[in-house]
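K.L.:
pasting the sequence and the predicted coordinates here, then a few questions.
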Protein chains: 2
Amino acid sequence: MFSKACQYGIKACTYIALQSLQKRRVNIKDIAKEINSPEAFTAKILQKLAKNNIVNSVKGPSGGFFIERENIEKIRLGDIVFSIDGDSLYNGCGLGLAQCNSEKPCPMHDKFVHIRGHLKTMLQDTNLHELASGIDVGATFLKN
Amino acid sequence: MFSKACQYGIKACTYIALQSLQKRRVNIKDIAKEINSPEAFTAKILQKLAKNNIVNSVKGPSGGFFIERENIEKIRLGDIVFSIDGDSLYNGCGLGLAQCNSEKPCPMHDKFVHIRGHLKTMLQDTNLHELASGIDVGATFLKN
DNA sequence: TTTATTTCGGATAATCATGTCTTAAATAAG
DNA sequence: CTTATTTAAGACATGATTATCCGAAATAAA
C-alpha cells in the first residue's frame, strides 16, 4: 500500500511531533533508533520532508528536526504521503490504464474509486497530533 | 496499490473469462494485444496462475488459455490478487511493523484495518463473471 | 577562532520488481 | 512421422526502490 520510504516518513514525523510537543529537537540517530529504520535512508526522506516544509531542521550541535507546535495539528497523514509518494495513490487507475474515468472505465473502476475514497478521507482526516497522542499515552507503538 | 504483475493478471483473467464464455481459447499473443501488456511478462504471470489453478492451459496448435465456465463465477478478484501478490495486502502492518495488532498496534492500525477491510470485502465480493460482463456489454474497457 | 556536531547533497551500491530471450516439452495437423 | 504451433521453464537484462557512504555546509560551544 505505502512504500517503505513513506512508512519511514510517517513514523519519523510521528516521533518528531511527539518530541516537539515536549519542545525537544531530535537528530537522525535517535529517530532511526526509535522507529527502527536505516539511518542514512531515513535521513534522505527527512531531507525531502524538510524541503516540503513538513518538518523543520537545524544544523550543527544541538540541532536536529522539529515541527512547530501549530503545524502538528495542521499536518495530515495525506500531506506526508503526498510529499513522499506523490499523487500515485490519489490519481491513476487501479488496473494501470492511462485513461480511466466514468466515461471510459476499467472493469474495476467504480469499486476501486469507492475504496480509494475511503483511503483518501482517512488520510485527510488524520493529523500528526492524533498519531503522536497515541504514542504519548502508550496506546500505540512505533516499533516492536 | 496493486503490482504491475497483479494488474496484468487481473486484466488477462478478465479477457480469458470473456472469451471462455464464448467457448474460445486464447493465446498469449492475443491476450497481450487485448490488454496492452508486455507479452513475455504476461506469459510468466499466466504460468503462475495456471499452476494455482486460476486458469487452464493447453499446449500446441489451437491451444491456449481458458477458464472453465463454472469457475468464472467462482474465481474472485481476491483469488487472483492473492495468487500473484501473496498475502501482503491482506496481512501486515500499514507502517511495516513486524508485529502489529490490537494488542500492540501501530499509530495507524485501527484506521488502516478499517480501510483494508473495505478492500478485502470488495475483492471477495467481485467475481470474474462480473468483470467480464462489463466488457461484454461495452460498459468497461481493458485498454485505451 | 577552532573544533565538534549535525544536516545537506551527490555518488554509489544492493535488492527487488519488471521485462526479455532462448530452449524444452507438449500436441494438433498434415 | 514430421512439422508447426503453443505453453513451460529457466537464464538473463533492465529499471526502480531501498540503502549506504563521503565530503560540504552550517552552527553551537569551547
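P.N.:
Nice, I can see it.

K.L.:
in chain A, which spans are strands?
P.N.:
Secondary structure of chain A (DSSP state E): strands at A:56-58, A:64-66.

K.L.:
closest to chain B out of those?
P.N.:
Chain B lies closest, by CB to the nearest CB, to one member of these: strand A:64-66, at 17.8 Å. Quick note: C-beta positions are derived from backbone N, CA and C, even for glycine.

K.L.:
quick check: which of the strands of chain A is buried the most?
P.N.:
Scoring these by mean neighbour count under mean count of other CB atoms under 10 Å in any protein chain shown gives strand A:64-66 as the most buried, with a mean of 22.

K.L.:
and it, average pLDDT?
P.N.:
In this model, strand A:64-66 carries a mean pLDDT of 98.

K.L.:
stretch A:27-34 now?
P.N.:
For stretch A:27-34, the mean per-residue pLDDT is 98.

K.L.:
how far does that stretch sit from its chain's centre?
P.N.:
Centre-to-centre, stretch A:27-34 and its host chain are 16 Å apart (CA atoms, centre = their mean, to the nearest Å).

K.L.:
buried residues, that stretch. List them.
P.N.:
A:28, A:30-32, A:34 (16 or more other CB atoms under 10 Å in any protein chain shown).

K.L.:
any residue of it touching chain B?
P.N.:
No: Stretch A:27-34 lies out of reach of chain B by CB under 8 Å from any CB of the partner chain, never closer than 12.7 Å.

K.L.:
name the nearest residue to A:Leu97, sequence neighbours excluded.
P.N.:
Of all residues not flanking A:Leu97 in the chain, A:Cys106 sits nearest, at 5.0 Å (CB to CB, 6 or more residues apart in numbering or on different chains).

K.L.:
hmm, the one you found is touching B:Ala139, no?
P.N.:
No: taking contacts as CB atoms under 8 Å, A:Cys106 lies outside contact range of B:Ala139: 10.9 Å.

K.L.:
between those two, which is the more surrounded one?
P.N.:
Neighbour tally, A:Cys106 and B:Ala139, criterion other CB atoms under 10 Å in any protein chain shown: the higher count belongs to A:Cys106, 27 against 13.

K.L.:
would you mind measuring from the more buried one to B:Val55?
P.N.:
20 Å (CB to CB, to the nearest Å).

K.L.:
and A:Met108, by the same measure?
P.N.:
Distance of A:Met108 to B:Val55, computed by CB to CB: 18 Å.

K.L.:
interface residues of chain A facing chain B?
P.N.:
So far as CB under 8 Å from any CB goes, chain A lies against chain B at A:1-2, A:4, A:7, A:10-11, A:14, A:77, A:89, A:94-99, A:104-109, A:111-112, A:114-116, A:118-119, A:122, A:126, A:131-132, A:134-135, A:139-144.

K.L.:
let's see 7 Å
P.N.:
Contact residues (CB under 7 Å from any CB of the partner chain) of chain A with chain B: A:1-2, A:4, A:7, A:10-11, A:14, A:94-99, A:104-107, A:109, A:111, A:115, A:118-119, A:122, A:126, A:131, A:134-135, A:140-141, A:143-144.

K.L.:
okay, and which of these map to helices?
P.N.:
Members of the residues of chain A next to chain B lying in helices (criterion: DSSP state H): A:4, A:7, A:10-11, A:14, A:109, A:111, A:115, A:118-119, A:122, A:131, A:134-135.

K.L.:
out of the buried residues of stretch A:27-34, flag the one nearest to chain B.
P.N.:
A:Glu34 (12.7 Å).

K.L.:
OK, contacts around the closest one?
P.N.:
By CB atoms under 7 Å, 6 or more residues apart in numbering or on different chains, the residues touching A:Glu34 are A:15, A:142-143.

K.L.:
ok, back up a step: and of the strands of chain A, who's closest to DNA strand D?
P.N.:
Ranking these by proximity to DNA strand D (CB to the nearest atom of the strand) places strand A:56-58 first, at 6.2 Å.

K.L.:
per-residue pLDDT, the nearest residue to A:Ala50 once chain neighbours are set aside?
P.N.:
Nearest residue to A:Ala50, sequence neighbours excluded (CB to CB, 6+ apart): A:Ser57, at 4.6 Å. Reported pLDDT at A:Ser57 in the predicted model: 98.

K.L.:
can you pull up the bridge partners for A:Ser57?
P.N.:
Counting by DSSP bridges, A:Ser57 forms beta bridges with A:Phe65.

K.L.:
interface residues of chain A facing DNA strand D?
P.N.:
A:3-5, A:8, A:37-41, A:43-44, A:58-63 (CB under 7 Å from any atom of the strand).
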